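# Sharing a model that was predicted from the sequence below.
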Amino acid sequence: MDFLAKVNENIESNKTEMISSLSTLLSIPSVAGDAAGAMPFGENVDKAYEAVLSIGREAGFNIYDADRYGGHIELPARSDGNGEIVGVLGHLDVVPEGENWDFAPYGGEIIDDCICGRGAVDDKGPVVAVLFAMKALKMAGYEPKRSIRLILGLDEETNWEGMDYYIDNVDALPDYGFTPDADFPAIHGEKGILVFDLARRFTVSGEKGLQLSSIKGGSVPNAVADSARAVIRNTENSDYSTIKEMVADFREEKGCTINCRGTGRSLEITAKGVGAHGANPQRGLNAITLLMEFLGRLNFASEETNDFIGFYNNCIGYDIHGERIGCCLEDEPSGKLIWNVGKIQLDRKSVELTVNIRYPVTSGEDEVYSGIMEVVDKYNIGIVKNAHQMPVYIAKDNPLITTLMDIYRKHTGDNDSKPVVIGGGTYARAMDNIVAFGGHFPGEPELEHQKNELISIDNMMKLATIYAEALYRLAEM
């Protein structure tokens, strides 16, 4: 029996423990939050972190903790190793669960041979698969030429402060490796990411008539908003029967979910969309856009209100490439820019519209903003810059890419897929010579950042097998 066959036997023997470990991990609602004592990202994130470290300790790996900001689990190199490190960068925090799940988002249930819960795909499932791949290698007596480190990030979905802290405090960084937090096959580039607010102040005046009191929609910039809510009030007449009829007509015309109900002397209008990752807004339906389209059919007493709604519908609307707002950039490696409206917060005094952009690898921040400014200046709207992640790009013929592609093809039989550039933002941006590699397989449902997230047990086993060979070959390369 060859060595990798023995490793695969070990993966199979640990199947029950791997499933149980992931189920337990999914039961922890590890949305990064405010610090709690010595826990920088809150109690639940720390609990998830400790659960994974405990598995590593019990398996006999070396453990490094960077003051609860993150850490790593290491299979050290043999005594004649070359001093280099293969790194796998994963994360244990998750995005908020959202609404309308068919099962408990933090139940960790096994349903129809799938392990169910927020984080199953992004990124707890792949992290557990890597850890059990490492365990299988260790059980087979493997002593690598290069140390293998599973690096655990704790706020990847928010600010990356934990990874920054880890980088500043660890003894050495990986020489190369991957993050199991995207798609197969190998990802050789990631678009640049911008997060910013489009902001405008309103003049508070005493116009009588129909008023837009508030809008609130979305929860995070990097997801398609799956719900949005507006409250309107008519200061002259509390009979909203005509608007209620318009809501019903809009619902029938669009085949969408939009409803209204009276609340005191006001009318609440709610729209439901379809959530999706902000890198792939075409897979969702933005509830903010639905709501704004309907509001555009009303005539508010404030011209500033009408002006902003008109701006949204005329310059943004359902566009996902920034076509009408002046930033539809494109290149050969990565295709078109991706535009996603993630959040809106509006009241009588101001509005903030949070936008998440993924721009082509050959473009730059200034090129994006200059195009947008030409449009928003006409509407007295400003840009508040929040975050920027530079694009990453590694040539397709780089040995790291060719090795990972060879492993992927061997285990899937997919000889047609090529290395790709994605719009997602992974920890590949955190360190040099890191690329994204799985854990989502082509043709599988895209459940990251959506309701009913789950991973099949078959895919977990396949991931562990692929990652075990990837670690072995990269460590000996």
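Here it is on my side, so go on. Numbering: from 1, shown residues only.
# So residue 131 sits against residue 52, correct?
Yes. The criterion here is Cβ atoms under 8 Å, and residue 131 meets it with residue 52 at 6.8 Å. Backbone N, C-alpha and C define where each C-beta goes, glycine included.
# neighbour count winner among the two?
A direct count of neighbours by other Cβ atoms under 10 Å for residue 131 and residue 52 places residue 131 higher, at 25 against 21.
# what are the phi and psi values for the more buried one?
Dihedral angles of residue 131 (phi, psi; degrees, to the nearest 10) stand at phi -60, psi -40.
# re earlier: find the residues that touch each one of residue 131 and residue 52.
Counting by Cβ atoms under 8 Å, 6 or more residues apart in numbering, the residues touching both residue 131 and residue 52 are residue 73.
# where exactly do the helices run in this structure?
3-13, 15-26, 43-58, 124-139, 161-169, 241-254, 287-295, 303-315, 365-376, 399-412, 457-476 (DSSP state H).
# other SSEs contacting the last one?
Taking 3 or more Cβ pairs under 8 Å, 6 or more residues apart in numbering; DSSP states H and E as the contact definition, the neighbouring helices and strands of helix 457-476 are helix 3-13, helix 15-26, strand 85-91, strand 114-116, helix 124-139, strand 147-153, strand 176-179, helix 399-412.
# go again using 7 Å as the cut-off
Helix 457-476 is packed against helix 3-13, helix 15-26, strand 85-91, strand 114-116, helix 124-139, helix 399-412, with contacts defined by 3 or more Cβ pairs under 7 Å, 6 or more residues apart in numbering; DSSP states H and E.
# Please point out which parts of it sit buried.
457, 459-472, 474-475 (16 or more other Cβ atoms under 10 Å).
# Likewise for the second one?
Neighbour counts using 16+ other Cβ under 10 Å place 18-19, 21-23, 25-26 of helix 15-26 among the buried residues.
# residue contacts, residue 51?
Contacts of residue 51 were listed using Cβ atoms under 7 Å, 6 or more residues apart in numbering, and they are 24-25, 28.
# Return the member of these nearest to residue 191.
Nearest to residue 191 among the contacts of residue 51: residue 25, at 29.6 Å, using Cβ to Cβ.
# Could you pull up the residues touching that closest one?
48, 51-52, 124, 128.
# Go through those residues and name the one nearest residue 359.
Within the contacts of residue 25, proximity to residue 359 (Cβ to Cβ) peaks at residue 124, which comes in at 29.1 Å.
# ok so, going back, turn the helices of the chain into JSON lines, columns for distance to residue 102 and mean pLDDT.
As requested, the helices of the chain are arranged in JSON lines below (distance: least, Cβ to Cβ, whole Å; pLDDT from 0 to 100):
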{"stretch": "helix 3-13", "distance to residue 102": "30", "mean pLDDT": "96"}
{"stretch": "helix 15-26", "distance to residue 102": "15", "mean pLDDT": "98"}
{"stretch": "helix 43-58", "distance to residue 102": "23", "mean pLDDT": "98"}
{"stretch": "helix 124-139", "distance to residue 102": "18", "mean pLDDT": "98"}
{"stretch": "helix 161-169", "distance to residue 102": "32", "mean pLDDT": "98"}
{"stretch": "helix 241-254", "distance to residue 102": "23", "mean pLDDT": "97"}
{"stretch": "helix 287-295", "distance to residue 102": "19", "mean pLDDT": "98"}
{"stretch": "helix 303-315", "distance to residue 102": "32", "mean pLDDT": "97"}
{"stretch": "helix 365-376", "distance to residue 102": "38", "mean pLDDT": "96"}
{"stretch": "helix 399-412", "distance to residue 102": "29", "mean pLDDT": "97"}
{"stretch": "helix 457-476", "distance to residue 102": "18", "mean pLDDT": "98"}
